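A.B. asks: I would like the atomic coordinates for the input below:
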Amino acid sequence: MVGMVVLIHPTIDPRACSPPLGLLTMAACLERTGFLVRVIDCQVEILSLSEVLALDPLCIGIYASTPTFPKAIEIVKEIRAFASVPIVMGGPHPSFLDREILEAVPELDYIIRFESEEAMVHLVKDLQNHQLSRTIPNLTYRVGDVVCRTDLAPPLKPLDELPFPARHLVDMSKYPAVTGGAFITSRGCSYKCAFCASTFFHRELRARSPEKVLIEIEDSCSRYGLRFITFFDDLFAFNRERTIDLCTRLQEADLALQWGCETRIDTVDPELLKIMYDAGCRYIFFGTESGQETTLKTIGKRLRTQAVHDVVKAARDQGITVKTSLMIGLPTDTHDMVLRSIDFFQEIQPDYLAALIATPYPGTPIWTHPEKFDVVVIDHDLSHYDYKHVIMETSHLKAENIWDLYLETLAFNMEHSPLDLVR
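C.D. replies: Residues are numbered from 1 along each chain as shown. Coordinates of the predicted model:
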């Protein structure tokens, strides 16, 4: 008998949603092994507990980021109230807090830490055979009341061994045109910014080959009629030669496709920006975070403001829509420093400035060593960890100061035309 696995992606805000590529990649791995899979993306679909249980699944897997973790736990408890089916959780938040979560949530059976595709396949096989192996990598589980961990497997590589995300398991027509065409061509980041957990979650920067990426893009465009796609890599242009290779392939494929990406200021220059534009790039998000070099140094960003100025101008001159970010409430920032950062972004004139409130996510250096950064966490409601709530105070800025500066940064955007992704 073929076993069924249900995978659930909770949400607290369905706006600007994109397909859950991580969960869909796991689903593809399970399908490749012979299991049936039902994916429920709560961004675009209402979760029906009765429908889930009617499938009589071998297990239920639930993804959890920090802001969606409370909702994920709510789903766990609802399921456990009616069924004894094994429940597995994965994602960034439980990866860093696995012991604490299993000790506090008896309804949850397993946590798979960090990369989970291979471990999930092994776990589902064991559950089908009614015999759990203690050698499954990345697994946190209980023996009686004792929480136990297995060793971490090395980061998966090459990534080309992974199947393409199982997009056929969700209704692609329900996603917005701009964000629905989501792709991930690499995992990780080579930098260690104090506010970001990507390096610590993925542990090593790895990339898929441009050949495989293009095949996935061509297949998805053919199936779903995509005309705009977004690369959700943490650091899209980290390797110049690879970026040029992919751009060349996209241009030669002649897909009439436009696309956007996220990368660092110091990974591009006018020459590369032209190559990207010619290949269809019409939007880049640069995580700039501050206009003050003292602050950038404190958070490990290692950027020069002159470089930010020059690259933003070069991208806009090329015809690429530019989005930058300003993070309010970073360590060492004073009220005047934030105001000077706002002035800096007014000067360089990005098309859009994302106003973000500094948030200490689990796994980040600020979360792990708040005393080092002289910050105090004042809000422990994880559903507020969305860059829109004041979570911590610094030695220079209290909650009310951070909130006022956040509103002032939002006002910057009110003076500009809305972001036009495909101009």
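A.B. asks: how about the helix-or-strand element of the chain with minimal mean pLDDT: buried residues?
C.D. replies: When the helices and strands of the chain are scored by mean pLDDT, DSSP states H and E, helix 198-202 comes last with a mean of 78. Neighbour counts over helix 198-202 (16 or more other Cβ atoms under 10 Å) mark 198, 199, 200, 201, 202 as buried. C-betas here are computed from N, CA, C, even on glycine.
A.B. asks: how close does the second one get to residue 163?
C.D. replies: The reference is to residue 199. Going from residue 199 to residue 163 by Cβ to Cβ, to the nearest Å gives 25 Å.
A.B. asks: same question for the last one.
C.D. replies: Spatial separation of residue 202 from residue 163 under the definition Cβ to Cβ is 19 Å.
A.B. asks: next up, the contacts around the nearest residue to residue 239 once chain neighbours are set aside.
C.D. replies: In space, residue 239 comes closest to residue 207 once its chain neighbours are excluded; the distance is 6.8 Å by Cβ to Cβ, 6 or more residues apart in numbering. Residues near residue 207 by Cβ atoms under 8 Å, 6 or more residues apart in numbering: 159, 185, 186, 187, 238, 239, 242.
A.B. asks: could you export those as JSON lines, including secondary structure, pLDDT and distance to residue 407?
C.D. replies: Formatted as JSON lines, the contacts of residue 207 follow (DSSP: H, G, I helix; E, B strand; the rest coil; pLDDT from 0 to 100; distance: Cβ to Cβ, whole Å):
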{"residue": "159", "secondary structure": "helix", "pLDDT": "95", "distance to residue 407": "41"}
{"residue": "185", "secondary structure": "coil", "pLDDT": "97", "distance to residue 407": "36"}
{"residue": "186", "secondary structure": "strand", "pLDDT": "96", "distance to residue 407": "35"}
{"residue": "187", "secondary structure": "strand", "pLDDT": "94", "distance to residue 407": "36"}
{"residue": "238", "secondary structure": "coil", "pLDDT": "95", "distance to residue 407": "34"}
{"residue": "239", "secondary structure": "coil", "pLDDT": "96", "distance to residue 407": "39"}
{"residue": "242", "secondary structure": "helix", "pLDDT": "97", "distance to residue 407": "41"}
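A.B. asks: residue 285 should be in a strand, yeah?
C.D. replies: Yes. Counting by DSSP: H, G, I helix; E, B strand; the rest coil, one finds residue 285 located in a strand.
A.B. asks: count the neighbours of it for me.
C.D. replies: Using other Cβ atoms under 10 Å, residue 285 has 20 neighbouring residues.
A.B. asks: gap between it and residue 376?
C.D. replies: Distance, residue 285 to residue 376, by Cβ to Cβ: 30 Å.
A.B. asks: ok, residue 10 next?
C.D. replies: 29 Å.
A.B. asks: between these two, which one's more packed in?
C.D. replies: A side-by-side neighbour count of residue 10 and residue 376, using other Cβ under 10 Å, places residue 10 first with 24 against 11.
A.B. asks: I figured the more buried one hits residue 75, correct?
C.D. replies: Yes. Residue 10 is within contact range of residue 75, at 6.1 Å (criterion: Cβ atoms under 8 Å).
A.B. asks: overlap in contacts, the two.
C.D. replies: residue 62.
A.B. asks: which intervals of the protein have sub-threshold pLDDT?
C.D. replies: 1, 14-16, 412-423 (pLDDT under 70).
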